[in-house]
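> build me a model from this:
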Amino acid sequence: MQWSLYLLILMGQCCLFTCRLYEYHFIAENKSWSEAQRYCREKYTDLAKVFDMTDMSRLRNSAQNQGEAWIGLNNNTGGNRTWRWSLPGVKYIHNDSSWNLDGRTGTEQPGNCGRKRYDKGAKKLVDVSCDRTMWFICYDGMKKDNKTLNLIETFMNWTEAQSYCRSHHTDLASGLDQVDEEKMKALIKNEDFKFSAWVGLFRDSWRWSDGSNSSFRYWDMQLFNDEQNSKTCAMTLLNRSGKWSSDECDKEKPFFCYDDKLILIKENKTWEEALDYCRESHRGLVSITNLQEQGWVQDKAKNASSPFVWLGLRYSCTLDLWFWVNDKLVCYEKWSREGKTEDCGRAVGMQSGGQYEWVSQRDNETYNFVCFK
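Next comes the predicted model:
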């Protein structure tokens, strides 16, 4: 087959096919949250975690009724709140120089959502009440080569802004590289144009049963008031578009488990050795074709004993392109700023901490790796 025809076929498949890195299972038995957690850990991997709206669709499609069902989110943390970015896969790393804790203006009250003031002199993050209304910045990351920021000049509270961005773009702008980057200058029309805007920063005390870093939340804000927030186990409301609320953990309900198809191998091997190991013992080195899968893989990478974990992505000198070992072209990328070196004998390692970005490595380096089971 000619290489040009081969590439066209691959491009047509690029983002249409993905291996399922996990499966959801709806369990139609009434159990307390702790009993459901124990059941899921014995039969599958754990109570269900959710990374994005795609996960929510899959979760709902696996259900067999329209009632309430436990998921793996709980608030048994003693009220210890943690800052998170709304966009899945973006890890919050505290930076004192990015904050102005005395920067609230007028009647603004301290709160659990982050906004920025954009003008010539004040561009730092401020924590204010999520109920306040202001403009907001959406991030659109659907197009590989045309990721954009969009200033929405409509007044909404933080939750409304998040819902708007997820419906019309990808999410609220998340990560300092987005809220501070050069593209923001294009949204500021002139030096006298000053505005405050929501960005995708919030804090809460909810945690996933399996210790996942997923920041995705899908609360039904018409129901999730202060009284609900004092209840410590989360459920999805299948008759309200799958949105979430909470209940007392000893109540008995059906529940969702998830079955993980990924395994972190905590042995240091070269890329070729990792490839052979995964093919012999499992189904292959993992590939990542979208933001959602990136989130699932980096949840594995965080437990690695090496600074990087091998992915199934390699550079071909013959084709002059990066390709996945399952013959997929690169649909999704998360390269570090200086991490993409196109040269023979290069493969990709994902950082096992920080922002879990991709860095091209010499394939004779030895790291942990992630297999697809």
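
> which residues of the stretch 51-200 of the chain fall in helices?
Assigned helices in the stretch 51-200 of the chain, in chain order: 53-61, 158-168, 176-179, 183-187 (criterion: DSSP state H, counting those that start in this stretch).

> can you tell which of these is closest to residue 235?
helix 53-61 (11.8 Å; CB to CB). (C-beta placed from N, C-alpha, C; glycine too.)

> what comes up buried for the closest one?
53, 55-56, 58-60 (16 or more other CB atoms under 10 Å).

> and it with helix 158-168, angle?
Between helix 53-61 and helix 158-168, the angle comes out at 90 degrees (axes from the mean of the first three to the mean of the last three CA atoms, to 10 degrees).

> torsion angles phi and psi at the residue most central in space within the chain?
Centroid-nearest residue in the chain, with CA atoms, centre = their mean: residue 88, separated by 2.0 Å. Main-chain torsions, residue 88, degrees, to the nearest 10: phi -60, psi 140.

> how near is it to residue 327?
As judged by CB to CB, to the nearest Å, residue 88 and residue 327 stand 26 Å apart.

> what helices or strands is the helix or strand hosting residue 273 leaning on?
Per DSSP states H and E: residue 273 is located in helix 271-281. On a contact count with 3 or more CB pairs under 8 Å, 6 or more residues apart in numbering; DSSP states H and E, helix 271-281 meets strand 262-269, strand 284-285, strand 308-316, strand 367-372.

> CSV for the ones you listed, including mean pLDDT?
Shown next, in CSV, are those (pLDDT from 0 to 100):
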stretch, mean pLDDT
strand 262-269, 97
strand 284-285, 94
strand 308-316, 95
strand 367-372, 96
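
> still on that earlier bit, among the helices of the stretch 51-200 of the chain, which comes closest to residue 208?
Nearest of the helices of the stretch 51-200 of the chain (CB to CB): helix 53-61, 12.1 Å.

> gap between the closest one and the chain center?
14 Å (CA atoms, centre = their mean, to the nearest Å).

> just give the nearest non-adjacent residue to residue 272, would you?
residue 363 (6.4 Å; CB to CB, 6 or more residues apart in numbering).

> how many residues are close by the one you found?
20 (other CB atoms under 10 Å).

> contacts only, for it.
By CB atoms under 8 Å, 6 or more residues apart in numbering, residue 363 lies in contact with 270-272, 314, 345-347.

> how confident was the prediction at it?
Note for residue 363: predicted pLDDT of 95.

> of the contacts of residue 363, buried ones?
270-271, 314, 346-347.

> how about the closest residue to residue 248 other than its chain neighbours, secondary structure?
The spatially closest residue to residue 248, leaving aside those adjacent along the chain, is residue 231, at 5.6 Å (CB to CB, 6+ apart). Recorded secondary structure, residue 231: coil (DSSP: H, G, I helix; E, B strand; the rest coil).

> residues near residue 231, how many?
Neighbours around residue 231, by other CB under 10 Å: 16.

> my guess is it contacts residue 251. True?
No - checked against CB atoms under 8 Å, the pair residue 231 and residue 251 is beyond contact range at 9.2 Å.

> gap between the two ends of stretch 117-133?
Start-to-end span of stretch 117-133 (CA to CA, to the nearest Å) is 14 Å.

> equivalent analysis for stretch 84-94, please.
End-to-end distance (CA to CA), stretch 84-94: 10 Å.

> ditto for stretch 328-337
23 Å.

> okay, the closest residue to residue 221 other than its chain neighbours and residue 90: tell me how far apart.
With sequence-adjacent residues excluded and distances taken as CB to CB, 6+ apart, residue 221 is closest to residue 159, at 5.3 Å. Separation of residue 159 from residue 90 (CB to CB): 18 Å.

> more neighbours, the two?
Using other CB under 10 Å, the more surrounded residue of residue 159 and residue 90 is residue 90, with 25 against 17.

> how much space between the more buried one and residue 266?
For residue 90 relative to residue 266 (CB to CB), the value is 25 Å.

> picking that back up, ok, the residue nearest to residue 248 - contacts?
Residue 231 sits in contact with 75, 246-249, where contact means CB under 8 Å, 6+ apart.

> what's the answer for residue 266, then?
Residues 303-305, 368 are the ones in contact with residue 266 under the rule CB under 8 Å, 6+ apart.

> remind me which residues of the stretch 151-300 of the chain are low pLDDT?
180-193, 223-230 (pLDDT under 70).

> coming back round to it: among the contacts of residue 231, which ones are buried?
75, 246-247, 249.

> among those residues, which two are most distant?
Of all pairs in these, the most separated under CB to CB is 75 and 247 at 11.2 Å.

> shared neighbours of the two, which are they?
Going by CB under 8 Å, 6+ apart, residues that sit against residue 75 and also against residue 247 are 231, 233.

> per the record, what domains does this structure have?
22-80+205-259, 82-204, 262-372 (automatic domain parsing).

> what about the last one, start to end distance?
Translated: domain 262-372. First-to-last residue span, domain 262-372, CA to CA: 5 Å.

> burial of the closest residue to residue 243 other than its chain neighbours, as a residue count?
Distances taken as CB to CB, 6+ apart put residue 220 closest to residue 243, at 3.7 Å, once the chain neighbours are dropped. Residue 220: 15 surrounding residues under other CB under 10 Å.

> repeat for residue 110
Residue 110 has 10 nearby residues by other CB under 10 Å.

> just residue 208 next, same as before
Using other CB under 10 Å, the number of residues around residue 208 comes to 20.

> and for residue 318?
7.

> and it, which of the three is it?
Residue 318 ends up coil, using three-state DSSP.

> do you know how far it is from residue 20?
31 Å.

> what do you get for residue 162?
For residue 162, the distance to residue 20 - CB to CB - is 27 Å.
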